[in-house]
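Novice: after the sequence you'll find the predicted model.
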Amino acid sequence: LNGNPTSDDPEANTGFIRYFITSSGPPQIITLCLLLALALGSTVGVVPSLVEDRFARLNHGYEGVPCLQLKMGERPQECLLGNDDAQNAAALASFISNMLTFCTSPLMGSISDERGRRGLILLGIGLSLLGPINLVLMQILDNYSPYPYFASHAISGVVSWMATALSAISDAMPPMYRAPAFGMVLAGFSLGFALSPVLAVFLSHLGVSVLSLTILLGGFIFALFYMPETLSPESAAQAKIIRMSERPRMNTRADVWKYNLMRPLKELMILNRSKTFKMLSALAFCSGIASSGDQTLFLYYVKGYFDFTDKDIATFFLIAGGMGMIVQTVILKPFNSLVGERRVVLVSFLVGSFCNYLYAVAGSKRTIFISITLASLSHMAFPTISAIKSMNAEEMEQGRIQGALYSLSSLASALGPVTLRYVYNHTKDESGCGPGTVFIYCAAIYLVASLFAWALPEEEANSNYHKMHSKKRSSLVPSHNYGSCEEEVVV
């Protein structure tokens with residue numbers, strides 16, 4: 001497993017898979033991703049329909065049949081207003097959740113460098129249980145407001161277990177395998193989302209919600225008993241020494257309060273260390289704003305203007321999940337070895353821009369499904385960016401850099417839905433693309449992110465760079481091994 005396998009190495013993928021499976025930590029994280037995706041994916045189609053109808057009844061006095069049972073052109077004004085309330089609540093909850101993550105993620109990353117990853121992962125998964133609990137209560141109690149559900153989603157942003165999980169994978173995987181290893185995280189999510197439509201089709205909304213809660217609870221129990229600690233004692237001790245050396249002298253209680261309040265901002269300053277980190281910060285911010293439109297508003301868009309049914313939502317997740325599995329497990333590793341991380345990110349953003357353009361101009365469900373299929377290629381950016389930032393950070397600060405960049409992405413994801421809702425509200429009734437104009441806006445942001453990807457320094461954003469250049473230098477050095485016919489090469 002020494003060296004950095006390239007695309008012409010026939011055992012490259014086999015070596016990575018063998019290393020990944022036998023490592024301690026990454027397989028458990030992928031299992032958690034699968035369970036969480038199963039739980040959350042099965043209810044994604046339930047939430048918009050449920051909260052739209054509940055808001056229509058509680059906020060606008062609607063008393064008819066469930067809004068979901070009416071076709072789009074037949075829905076009364078109360079249902080349409082309920083849909084607007086649902087979108088606004090989802091955008092607000094996303095804003096609060098991401099702002100909390102922005103404030104806490106750098107600090108949580110730094111704490112995980114000193115005290116370990118396992119505890120924070122358990123805490124993050126535990127907070128994610130609050131949403132499904134409130135979703136079940138909303139269907140059991142007729143007058144139960146959707147706001148506790150959205151509030152629980154917002155609170156879960158205090159601890160982002162995903163940023164800590166990425167740090168745990170960095171602990172266990174060498175730099176040459178980190179991009180495909182991070183891709184396996186998305187592959188776990190993709191498999192879960194591909195399987196989750198089966199649950200949504202054959203069960204009632206309440207049945208799916210109860211099953212979702214049960215799966216999440218099972219995931220928490222699994223993590224409690226089987227998730228190992230990936231941070232080595234040596235790295236934890238070294239991180240503590242470094243943090244202590246950076247801590248200023250504090251003589252009063254006011255100094256202590258000031259230090260603790262300013263520490264998240266201080267941890268975020270690691271992003272100002274080099275040109276690469278600055279470019280990655282710009283990438284994370286731009287892509288976070290654009291992707292938030294796909295994540296927060298897309299389902300409301302297709303349900304409201306393309307009359308997507310539960311079956312269509314199931315098909316959407318089946319395509320997205322299946323293609324995500326193929327991209328992350330089959331395409332990413334050889335493509336990354338062939339062109340390097342920098343160009344993988346560039347291609348991903350260009351594809352993301354094109355797919356958002358297709359969302360905007362789509363005239364039928366068929367175009368939407370084609371766009372969803374192609375959009376799976378844009379998801380190569382997330383694991384690849386995570387690999388680039390881990391390659392440029394020391395082992396004892398993996399949590400710190402992952403947390404800082406995840407924090408910046410969260411800020412973008414907080415501002416994104418608010419910005420996109422503003423664009424949507426001011427363009428939905430206009431000529432041209434109408435409600436699809438918001439996705440034109442996302443496409444433009446992806447193009448800006450592509451420029452930042454192009455500006456990344458090749459020598460710091462390509463794990464193959466040093467190996468290729470060392471091979472070139474070694475080919476120019478004459479061999480002086482007179483004692484044997486073969487020269488021993490140590491990679």
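Specialist: That came through, no problem. From a predicted model like this one, the values you see are computed outputs, not experimental measurements.
Novice: show me where pLDDT drops low in the stretch 251-400 of the chain?
Specialist: Low-confidence segments of the stretch 251-400 of the chain, defined by pLDDT under 70: 293-294, 296.
Novice: gap between residue 207 and residue 321?
Specialist: Using CB to CB, to the nearest Å, one obtains 21 Å as the distance from residue 207 to residue 321. Heads up, the C-betas are built off the backbone N, CA and C, glycines and all.
Novice: more neighbours: the two, which one.
Specialist: The residue with more neighbours, out of residue 207 and residue 321, is residue 321; 23 against 14, by other CB atoms under 10 Å.
Novice: and for the residue nearest to the more buried one when sequence neighbours are not counted, the neighbour number?
Specialist: Counting by CB to CB, 6 or more residues apart in numbering, residue 321 lies nearest to residue 194, which is 2.6 Å off, once chain neighbours are set aside. Look at residue 194: counted by other CB under 10 Å, it has 21 neighbours.
Novice: go on, residue 428?
Specialist: Count around residue 428 with other CB under 10 Å applied: 16.
Novice: again, but for the one 5 residues further on
Specialist: Residues contacting residue 433 under the criterion other CB under 10 Å number 17.
Novice: that one contacts residue 361, doesn't it?
Specialist: Yes. Look at residue 433 against residue 361 with CB atoms under 8 Å: they come within range, at 6.3 Å.
Novice: setting aside sequence neighbours, what's the nearest residue to the residue most central in space within the chain?
Specialist: Among the residues of the chain, the one closest to the centroid is residue 382, at 6.8 Å (CA atoms, centre = their mean). Once flanking residues are discounted, residue 382 sits nearest to residue 186: 6.4 Å by CB to CB, 6+ apart.
Novice: can you check residue 428 too?
Specialist: Nearest non-adjacent residue to residue 428 (CB to CB, 6+ apart): residue 435, at 4.2 Å.
Novice: go ahead and confirm that neighbour touches residue 305.
Specialist: Yes. Using CB under 8 Å, residue 435 is in contact with residue 305, at 5.7 Å.
Novice: of those two, who's got more company?
Specialist: More neighbours surround residue 435 than the other of residue 435 and residue 305, with 18 against 15 (other CB under 10 Å).
Novice: report the contact partners of the more buried one.
Specialist: Residues in contact with residue 435 (CB atoms under 8 Å, 6 or more residues apart in numbering) are 301, 304, 305, 424, 427, 428.
Novice: got it, and residue 323?
Specialist: 190, 372, 373, 376.
Novice: how far away is the second one from residue 324?
Specialist: Applying CB to CB, one obtains 10 Å for the distance of residue 372 from residue 324.
Novice: measure the residue nearest to residue 159 when sequence neighbours are not counted to residue 100 for me?
Specialist: Distances taken as CB to CB, 6+ apart put residue 124 closest to residue 159, at 4.3 Å, once the chain neighbours are dropped. Distance, residue 124 to residue 100, by CB to CB: 12 Å.
Novice: residue 271 now?
Specialist: Taking CB to CB, one finds residue 271 at 19 Å from residue 100.
Novice: likewise residue 187?
Specialist: 28 Å.
Novice: name the residue in the two with the higher neighbour count.
Specialist: Shown here are residue 187 and residue 100; by other CB under 10 Å, residue 187 has more neighbours (25 against 19).
Novice: which of the helices or strands spans the more buried one?
Specialist: helix 178-202 (DSSP states H and E).
Novice: model confidence over that helix, on average?
Specialist: Averaged over helix 178-202, pLDDT sits at 78.
Novice: so which other helices or strands are in contact with that helix?
Specialist: helix 12-22, helix 26-44, helix 161-172, helix 205-226, helix 310-326, helix 332-339, helix 381-391 (3 or more CB pairs under 8 Å, 6 or more residues apart in numbering; DSSP states H and E).
Novice: repeat the analysis, applying 10 Å as the threshold.
Specialist: Helices and strands touching helix 178-202, by 3 or more CB pairs under 10 Å, 6 or more residues apart in numbering; DSSP states H and E, are helix 12-22, helix 26-44, helix 161-172, helix 205-226, helix 310-326, helix 332-339, helix 341-361, helix 381-391.
Novice: I'd like to know which of the ones you listed lies nearest to residue 242.
Specialist: Residue 242 lies closest to helix 161-172 among these, at 15.7 Å (CB to CB).
Novice: avg pLDDT for that closest one?
Specialist: On average, helix 161-172 scores 86.
Novice: mind listing what's buried in the lengthiest helix in the chain?
Specialist: When the chain is parsed with DSSP state H, its longest helix is helix 77-115. Neighbour counts over helix 77-115 (16 or more other CB atoms under 10 Å) mark 78-115 as buried.
Novice: do the same with stretch 319-336
Specialist: For stretch 319-336, by 16+ other CB under 10 Å, it's 319-325, 327-329, 331-336.
Novice: neighbours around residue 233, how many?
Specialist: There are 9 residues near residue 233, going by other CB under 10 Å.
Novice: and it, what does it touch?
Specialist: Taking CB atoms under 10 Å, 6 or more residues apart in numbering, we find residue 233 in contact with residue 116.
Novice: tell me which element residue 250 falls in.
Specialist: Here residue 250 is assigned to no helix or strand, by DSSP H and E.
Novice: that one reaches residue 263, doesn't it?
Specialist: No. The pair residue 250 / residue 263 is not scored as a contact, 11.8 Å apart, by CB atoms under 10 Å.
Novice: so, low pLDDT: which residues of the stretch 1-150 of the chain?
Specialist: In the stretch 1-150 of the chain, residues with pLDDT under 70: 1-14, 72.
Novice: 50 - rerun?
Specialist: 1-11 (pLDDT under 50).
Novice: state the distance from residue 51 to residue 128.
Specialist: Distance from residue 51 to residue 128, counting by CB to CB: 18 Å.
Novice: higher neighbour count, the two?
Specialist: The neighbour comparison of residue 51 against residue 128 (other CB under 10 Å) goes to residue 51, with 24 against 21.
Novice: what helix or strand is that one located in?
Specialist: Applying DSSP H and E, one finds residue 51 within helix 46-60.
Novice: next one: residue 229
Specialist: Residue 229 belongs to no helix or strand, assigned by DSSP H and E.
Novice: where does it fall, phi/psi-wise?
Specialist: Dihedral angles phi and psi of residue 229 (degrees, to the nearest 10) take the values phi -90, psi 120.
Novice: make sure it is actually in contact with residue 28.
Specialist: No. Look at residue 229 against residue 28 with CB under 10 Å: they stay out of range, at 11.0 Å.
Novice: give me the common contacts of those two.
Specialist: By CB under 10 Å, 6+ apart, the residues touching both residue 229 and residue 28 are 118, 121, 168.
Novice: now rank those by neighbours and give me the top one.
Specialist: Most surrounded of the shared contacts of residue 229 and residue 28: other CB under 10 Å gives residue 168, at 29 neighbours.
Novice: would you check that that one makes contact with residue 121?
Specialist: Yes. Here residue 168 reaches residue 121: they are 7.2 Å apart, a contact under CB under 10 Å.
Novice: what do the two both touch?
Specialist: 25, 28, 29, 112, 161, 227, 229, 230.
Novice: turn those into a markdown table, including distance to residue 441.
Specialist: Listed next are the shared contacts of residue 168 and residue 121 as a markdown table, based on distance: CB to CB, whole Å:
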| residue | distance to residue 441 |
| --- | --- |
| 25 | 39 |
| 28 | 39 |
| 29 | 34 |
| 112 | 35 |
| 161 | 31 |
| 227 | 40 |
| 229 | 43 |
| 230 | 39 |
